[in-house]
Every structure is written in structure tokens, then in C-alpha cells.
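>>> The following comprises the amino acid sequence and a computationally predicted model.
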Protein chains: 2
Amino acid sequence: MKKIKLSQRQEGIIKLVKEHEPITSEHLASKLNVTRAALRPDLAILTMTGILEAKPKVGYTYSKKPSYSLIYDYIRNIKVKDIMSQPVVVNEATTVYDAIVNLFLNDVGTLFVENNGILVGAISRKDFLKFAMGGTDMHKVPVGIIMTRMPNIVVVNEEEDAYEAAIKIIEHEIDSLPVVIKATDNDKKDAFKIIGKVSKTNITKLLVKMGERS
Amino acid sequence: MKKIKLSQRQEGIIKLVKEHEPITSEHLASKLNVTRAALRPDLAILTMTGILEAKPKVGYTYSKKPSYSLIYDYIRNIKVKDIMSQPVVVNEATTVYDAIVNLFLNDVGTLFVENNGILVGAISRKDFLKFAMGGTDMHKVPVGIIMTRMPNIVVVNEEEDAYEAAIKIIEHEIDSLPVVIKATDNDKKDAFKIIGKVSKTNITKLLVKMGERS
């Protein structure tokens, strides 16, 4: 990421505003021993970037928040393919017991289910737990019976914005989305191959990455 | 959040740079029918904000990313109390069965466990599922037996940065953190009362909020 260094004077202005807000440009100029005219370009940059807020007849305050359009632009330029991770996939005929073992071995929250290379379903810890509550023998039931089945699964493609994936996760109250591509060798409209996943963990990692001083 | 509006000319510059990058200031000036000197303040602001990158002898490119320090400042100014939600709490003597029912009724991923108002443990879908795999009777075992017990629980306080909470979630590979305050009526060092929780869902919602055009 591009690093921007504020000038020493700009840093000084921010410090003064934090200490004395609201503070007028006259006061700032006298504290810094410069003319108001000399400050004007710095103040323009600091308000443009959203670091300072200028209130008419009141003075400058520290806004703590950058220009919304910058954050927006930044978030909207990250794609699903930039943050997705490897999905754990099992076959539709796998028993519930073996699938849960798989879930633990890979330490994931959701398994995706395929049949002949086509995504047919998804199953989460919550689904497994609900099944376990019922007391049915886990060794005798295949995951195909208890999974959420296509087309009732929300999917994303790798060129979508990571932001859109986050919205889908929140709106549909799910933990993990399969990242898919159209299966070209299959005539069905909703025939997808799974190539990745985006979970709340990926989104949380993205936020951590955004806040890193690098 | 403060809204910054770029001037029409600045928007025009960004558009030209996107189309022709890398593009020199001479070319920009001639396309806009102005002098290079007239463009200088706009280009200064656009590079300061990190919208454009200026490469010597190459020209301006569109960086897509705002100044890292702005994103950093923004993320670091959001506190745990700004994003936390209500925790679901059960007593240590609750049976595993009743606890799981509670988990489903409230649609949460983690239950917190208290005893006399003090946080004593936490238990997740994963813990419950592991227990269910064992085949022991869910009606006969209290959650106190299978929960993760204090002090082996990572906690946050409401004045901590939301960003620090996100880091704890990723580093300790957990879904949800209890937000706690010191229990003043208790002598034990690690005696906390639970007042909220921060989960990957809260972090994902935060990212969605950050990207909103509002």
C-alpha cells in the first residue's frame, strides 16, 4: 500500500488541533508563528483528506475519520480472489460421522459437498449439531441427507468484491460462502465447481490486514 | 462520518489518469486545457490523499488505495463498546442438552458460563459437537464439565480497540470474545463480569459499515 507522509508542519497542525479544538486558523497561525496565508495549503490538504473538519465561525476540529470515499474506494477494490481460502469438500455419500471427523481434522466451520465435481450442498457445525441432538446413528446417514442443497446456497465468484461477500454473509446469516465458477461441461443452470471459500474468518483477517502499519 | 467532495476538476483528473495511466502532468494539462501550474494544487491533493501515485519520469497512476495512515487511524478509533453485542449466558449447572437448546434459540455460536455473576467459562458449537461425537447422555452432564474454563479464555474490555479484538480472534483462533469488567466485589485476580461479546460476526458487520456510502 502506498504510504503518505504528512509534512512536519501538517503533523504539528494536527497536534495543535487535537489539544485545542475547536481552534481558528488565526490561533493556529499565531501558535505556529506563521501567517494565515502560509497555513492555507496545509489546512486545505488536512480538510480534504478528512483529517480535520472546518466549521465556519467555530474553527478546526480533529475528525479522526478519513474521507469516506477513500475508505469506500479501498474496501471496494479488494476482490474475493484476494481473500478466499481453500474449501474442505466431501462427497455426498460420506457418512455424517466421517464428515464431522473431517471438519475437526481441518478445523473448519463448514464443509462443502460435491458430486461428480459439481457443488451440490453445504453443511455447517450448526447442521451437524442439530443432527446430533436427534440421536440418529451418525455412521448410517450420508451428509447428502442433512446438508443444505443447491440452489439454496448463497455463492460468490472470485471477481466479486470482497465487500459484497461480507454483505451476503451478514444478510443471509451464514458463516462461509463457496467461491464458484460455472461448470462448462454441465448443462444445468446452477452447475458450479467450487474453487474457494470466503468465511467470517477471511473477512476478519482482511480487517486486521487493513489496519496493519506496514 | 465526514464527507469530502473532490472538486469537479479533481474528479476529471482521476478519470483521465484511470484511462491513460501512466500519464504525465504535461499530458493531463493539455487534455484539460490548463497550464501545468494550474494543475499543481489538485495533483498535490490527489497524491497526498493517496488517490494518485506520482512516479518520477513515468507519470501519475491511479493507486486505488488511500493513505494507509488514514485507514489505520480510522480503524484504530473504533472501540469494542462501539461494536459489541449481547452475550448469551448460562449457569455452570445447566445441562449440555439445555445449553444446546439455548444456543439454537438465540442463534449464537458461543455460550458464556457464569457462576454467582462471575464469568467462569465459555463453550462453542465445536465443543458441543465434540461432546456429541462421544455419545454421552446430554441430559446428564452439566456444561461446567465440558466448557473451556477461566483463566483459559481470552477476554477484552470495552475500551480496547475493536482492532485489537479482531487480532485476538485471529491469533487465538476463536469465534467470540467475552467483553468483561473487573468484579469489584470479588478478591480473585481473574474475577470478571461479562457485559458483552465481540465475534467474527461483529467484525464482519464493522467492515460492512465501513464500506457503506452514507
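That came through, no problem.

>>> Give the burial count for residue A:78, as a bare number.
Using other CB atoms under 10 Å in any protein chain shown, residue A:78 is surrounded by 19 other residues. (Glycine included, C-beta is placed from N, CA and C.)

>>> Contacts only, for it.
A:161, A:162, A:163, A:206 (CB atoms under 8 Å, 6 or more residues apart in numbering or on different chains).

>>> out of those, who's near chain B?
The residues of these that also fall near chain B, by CB under 8 Å from any CB of the partner chain, are A:163, A:206.

>>> Among the contacts of residue A:78, which one lies nearest to chain B?
Checking the contacts of residue A:78 against chain B by CB to the nearest CB gives residue A:163 as the nearest, at 4.8 Å.

>>> Is the closest one within a helix or a strand, and which one?
helix A:162-171 (DSSP states H and E).

>>> what's the next secondary structure element after that helix?
strand A:176-182.

>>> who touches residue A:143 in this structure?
Applying CB under 8 Å, 6+ apart, one finds that residue A:143 lies in contact with A:90, A:92, A:94, A:95, A:96, A:99, A:111, A:113, A:121, A:123.

>>> And chain A, what are its domain boundaries?
Listed domain ranges for chain A are A:8-66, A:77-210 (source: automatic domain parsing).

>>> circling back to that earlier point, show me what the helix holding residue A:163 is packed up against.
Here helix A:162-171 touches helix A:68-76, helix A:80-83, strand A:176-182, strand A:192-199, helix A:200-210, helix B:200-210, going by 3 or more CB pairs under 8 Å, 6 or more residues apart in numbering or on different chains; DSSP states H and E.

>>> mind checking which of the ones you listed is nearest residue B:30?
Ranking the helices and strands packed on helix A:162-171 by proximity to residue B:30 (CB to CB) places helix A:68-76 first, at 26.9 Å.

>>> And the average pLDDT for that closest one is what?
Here helix A:68-76 scores 67 as its mean pLDDT.

>>> Would you agree residue A:121 is in contact with residue A:155?
No: counting by CB atoms under 8 Å, residue A:121 stays clear of residue A:155, with 11.8 Å between them.

>>> between these two, which one's more packed in?
Taking neighbours as other CB under 10 Å, residue A:121 and residue A:155 compare with residue A:121 leading, 22 against 19.

>>> so how many other residues sit close to the spatially closest residue to the more buried one that is not a sequence neighbour?
Among residues not flanking residue A:121 along the chain, residue A:147 sits closest, at 3.5 Å (CB to CB, 6 or more residues apart in numbering or on different chains). By other CB under 10 Å, 23 other residues sit near residue A:147.

>>> My guess is residue A:147 contacts residue A:119. True?
No: Residue A:147 is beyond contact range of residue A:119, at 10.8 Å (criterion: CB under 8 Å).

>>> shared neighbours, the two?
residue A:113.

>>> Tell me the predicted confidence for residue A:15.
pLDDT, residue A:15: 88.

>>> how near is it to residue A:46?
According to CB to CB, to the nearest Å, residue A:15 and residue A:46 sit 12 Å apart.

>>> With residue A:34 instead?
Going from residue A:34 to residue A:46 by CB to CB gives 15 Å.

>>> picking up where we left off before, want to throw the contacts of residue A:78 into JSON lines with neighbour count, pLDDT and distance to residue A:60?
Below are those laid out as JSON lines (neighbours: other CB atoms under 10 Å in any protein chain shown; pLDDT from 0 to 100; distance: CB to CB, whole Å):
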{"residue": "A:161", "neighbour count": "17", "pLDDT": "93", "distance to residue A:60": "35"}
{"residue": "A:162", "neighbour count": "24", "pLDDT": "94", "distance to residue A:60": "35"}
{"residue": "A:163", "neighbour count": "23", "pLDDT": "92", "distance to residue A:60": "32"}
{"residue": "A:206", "neighbour count": "23", "pLDDT": "92", "distance to residue A:60": "33"}
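
>>> Could you dump the contacts of residue A:78 into TSV and include distance to residue A:75?
Listed next are these as TSV, based on distance: CB to CB, whole Å:
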residue	distance to residue A:75
A:161	8
A:162	8
A:163	5
A:206	9
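
>>> And the helices in chain A, which stretches?
Using DSSP state H, the helices of chain A run over A:8-20, A:25-32, A:36-48, A:68-76, A:80-83, A:96-106, A:125-134, A:143-146, A:162-171, A:200-210.

>>> Report the beta-bridge partners for residue A:123.
residue A:111 (DSSP bridges).

>>> what's around it, how many residues?
Count around residue A:123 with other CB under 10 Å applied: 24.

>>> Make sure it is actually in contact with residue A:146.
Yes: using CB under 8 Å, residue A:123 is in contact with residue A:146, at 6.6 Å.

>>> separation between residue A:165 and residue A:193?
18 Å.

>>> Can you pick out the residue with more neighbours from these two?
residue A:165 (28 against 17).

>>> residues contacting residue A:195?
Per CB under 8 Å, 6+ apart, neighbours of residue A:195: A:84, A:87, A:158, A:179, A:180, A:181.

>>> Excluding covalently adjacent residues, which one is nearest to the first one?
Think residue A:84. Here the residue nearest residue A:84, using CB to CB, 6+ apart, is residue A:196, at 3.6 Å.

>>> what's around the residue nearest to residue A:26 when sequence neighbours are not counted, how many residues?
Spatially, and ignoring its direct neighbours in sequence, residue A:26 is nearest to residue A:36 (6.4 Å; CB to CB, 6+ apart). When counting by other CB under 10 Å, one arrives at 13 neighbours for residue A:36.

>>> Equivalent analysis for residue A:174, please.
Neighbours of residue A:174 (other CB under 10 Å): 19.

>>> which residues does the closest residue to residue A:140 other than its chain neighbours bridge with?
If the residues on either side of it in the chain are set aside, residue A:140 comes closest to residue A:95, at 7.1 Å by CB to CB, 6+ apart. Counting by DSSP bridges, residue A:95 is bridged to residue A:142.

>>> which residues sit in contact with residue A:95?
Residue A:95 neighbours (CB under 8 Å, 6+ apart): A:138, A:139, A:140, A:141, A:142, A:143.

>>> Try it again at 7 Å.
A:138, A:139, A:141, A:142 (CB atoms under 7 Å, 6 or more residues apart in numbering or on different chains).

>>> Out of those, which is nearest to chain B?
Using CB to the nearest CB, the contacts of residue A:95 come closest to chain B at residue A:138, 7.6 Å.

>>> quick one: the closest one and residue A:99 touch, right?
No: assessed by CB atoms under 7 Å, residue A:138 is found out of contact with residue A:99, at 8.8 Å.

>>> So between the two, which is more surrounded?
The residue with more neighbours, out of residue A:138 and residue A:99, is residue A:99; 23 against 19, by other CB under 10 Å.
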